[in-house]
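**Q** sequence below, structure please.
(one chain, ligands or ions: 1)
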Amino acid sequence: MSQTSDIQFNGLYAHELTVSRSEQVLLEDAELHLAPSTITYLHGENGAGKTTLMRCLAGLLPADHGSMYWNKRPITHPESGYFQDLIFLAHSLSMKNELSIAENLAFYASLRMRCSITGKPLHQKISSVLEELGIGGLEDRMFAELSAGQQHKVALARLILEPAKIWILDEPFVNLDHKTRSWLSEKAMAFKQQGGTVLFTSHHHIEELPIDQSVGVEHE
Ligand SMILES: Nc1ncnc2c1ncn2[C@@H]1O[C@H](COP(=O)(O)OP(=O)(O)OP(=O)(O)O)[C@@H](O)[C@H]1O
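**A** Numbers count the residues shown, from 1 in each chain. Here you go, the predicted model:
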């Protein structure tokens, strides 16, 4: 097993990663490097293991074996800062139906130690991002009362509200209209320009978003 000092890669580096689900090995001894200032497209058929891999990279699912490093430190090392640097947008969106849009977004922002704004300034920023996304004025609406596309937009607002260095996005373009797909592509490109790392899945070609690396997950 590699020691911290052996690791030469900045960004996220997964070494000899083996991941399985339902007793099926989906990934065996895989190497994956997501460098700073890059956008990586993760592709594969339904059930191939894209979500499983992303959940593993987000620290939500244990790997069978292997190691993951963030800027040369194990992701679980207290000084790696990985979980503060990460935004993982799951396919399920991970929002509370019984909270309003503003409450959901304020909850996630409050979990960030580096999120410098709280209270009224945070709520003003939430309003401005929702406006940008075409759902301005819905701050107090319960999450459950929104359409699928509107719910998706709320989850995307997290990318603007929370400071991060890596985005792991599971099907981020699903349910989005053309305007919002372009908005998300522009935000991802701007994030990359600032040194950010992006990993995303999509079953459709997103022509607005130039990618630096394409990684496939395949059935055996
Ligand atoms: N909670 C779970 N418990 C057990 N097995 C699971 C679970 N979730 C997924 N699997 C299995 O793991 C495999 C990979 O599923 P995963 O959701 O990672 O695929 P995917 O590539 O993201 O698929 P899709 O493109 O359909 O979203 C599948 O065989 C699936 O049946």
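**Q** end to end, how far does stretch 193-203 reach?
**A** 25 Å (Cα to Cα, to the nearest Å).
**Q** please apply the same query to stretch 155-172.
**A** 9 Å.
**Q** near the ligand at all, that stretch?
**A** No: Stretch 155-172 does not reach the ligand (Cβ under 6 Å from any ligand atom); its nearest approach is 7.0 Å. Using the backbone N, CA and C atoms, a C-beta is placed for each residue, glycine as well.
**Q** got the buried residues for that stretch?
**A** 155-162, 164-172 (16 or more other Cβ atoms under 10 Å).
**Q** and the helices in the chain?
**A** 50-57, 82-85, 101-110, 119-132, 148-161, 178-193 (DSSP state H).
**Q** and the second one, what does it pack onto?
**A** Contacts of helix 82-85 with other secondary structure elements, assessed using 3 or more Cβ pairs under 8 Å, 6 or more residues apart in numbering; DSSP states H and E, are absent: no helix or strand is involved.
**Q** number of residues surrounding residue 120?
**A** Residues lying near residue 120 (other Cβ atoms under 10 Å) number 8.
**Q** so for this protein, the centremost residue is which one?
**A** Closest residue to the average C-alpha location of the chain: residue 168 at 2.5 Å, with Cα atoms, centre = their mean.
**Q** beta partners for it?
**A** On the basis of DSSP bridges, residue 168 is bridged to residue 88, residue 199.
**Q** what sits against it?
**A** 54, 57-58, 86-89, 199-200 (Cβ atoms under 8 Å, 6 or more residues apart in numbering).
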